[in-house]
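1. model this:
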Amino acid sequence: MGVPWSKIKSLFVVSDQQAAPSTISADDNAAIDAAIAKYQVPPEPAPQLPPDTNPSQLSGTIDFQALYDQAGIPNTDEVESLEKFLIELDAELPQASKLAAAKAFLKATGKSSVDVLTDAARKIKVVRAIEAGKSEDSRQGLSRQQSAIDDLQKQIDELRTAMEGAKRDLEGVKKQCVTEEARLQGARMFFGAMDTLSDAPPPATPTKR
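-> Below you'll find the model as predicted:
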């Protein structure tokens, strides 16, 4: 669970009393955002994924700590320790007291704010590399799958065209067969009838009176 953005912003409000969100003006919020922005890691080309990291296997719940270890980031927890400490602070504690407590916590652990910034920056670069690597891997995978779908659709269209052609061919043959059979049946009836007539005895000659 990360520190809420509003909680982080509250640490920059240096007053002795906890201000309700509704009392913070738009200008104050803008100033706070600008102050926080100075510490954001600037956009830059994403570095390479940690060694032996297969982006196609990055699925489900990501074990970021394991990836930090693979990236060779020193096994420190400056960010996580401070995050846990901030979460456990009394929500009603004045901002100035929160800042003082955070500084005291870092000093007690033998760390400084620079250590926290450095630790976070290193890990942010790994996170960006993970996202960029997964995005590129997914893009290539989706492209291959779409190509496969296109090929299958082409085959389906060709088979459907062949089926329609086969049906038309069958209908044409059936019509010709019906016509030919009718012709042959007609011949059989005609010559059969003629043959029957030729075998019959001639009609009797009328008797003269």
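
2. Locate the residue positioned nearest the centre of the chain within the secondary structure: which element?
-> For the chain, the residue whose C-alpha lies nearest the mean C-alpha position (CA atoms, centre = their mean) is residue 138; its distance is 7.1 Å. In the assignment (DSSP states H and E), residue 138 maps to helix 113-199.

3. Remind me what that helix packs against, helices and strands.
-> Contact here means 3 or more CB pairs under 8 Å, 6 or more residues apart in numbering; DSSP states H and E; on that basis helix 113-199 packs against helix 64-70, helix 78-88, helix 95-108. (Glycine included, C-beta is placed from N, CA and C.)

4. Kindly state which of those helices is positioned closest to residue 170.
-> Distance to residue 170, taken as CB to CB, is lowest for helix 64-70 among the helices and strands packed on helix 113-199, at 62.1 Å.

5. which residues are contacting that closest one?
-> 50, 51, 52, 53, 75, 122, 123, 126, 127, 130 (CB atoms under 8 Å, 6 or more residues apart in numbering).

6. And residue 67, how far from residue 116?
-> 20 Å (CB to CB, to the nearest Å).

7. try residue 151
-> 52 Å.

8. try residue 179
-> Computed as CB to CB, the residue 179 to residue 116 distance reads 93 Å.

9. Any figure for the gap between residue 59 and residue 138?
-> Distance of residue 59 to residue 138, given as CB to CB: 10 Å.

10. hey, what's in contact with both of the two?
-> In contact with both residue 59 and residue 138: no residue, using CB under 8 Å, 6+ apart.

11. Quick check on residue 179 and residue 116: which one has the bigger neighbour count.
-> The neighbour count for residue 179 versus residue 116, taken as other CB atoms under 10 Å, is higher for residue 116 (19 against 10).

12. who wins for proximity to residue 30 among the helices and strands packed on helix 113-199?
-> helix 95-108 (17.5 Å).

13. Now do the buried residues in stretch 101-112.
-> 102, 105, 106, 111 (16 or more other CB atoms under 10 Å).

14. Run the chain-centre distance for it.
-> Centre-to-centre, stretch 101-112 and its host chain are 42 Å apart (CA atoms, centre = their mean, to the nearest Å).

15. Run through who's touching it.
-> The set of residues external to stretch 101-112 that reach it, using CB under 8 Å, 6+ apart, is 11, 78, 81, 82, 85, 86, 89, 93, 113, 115, 116.
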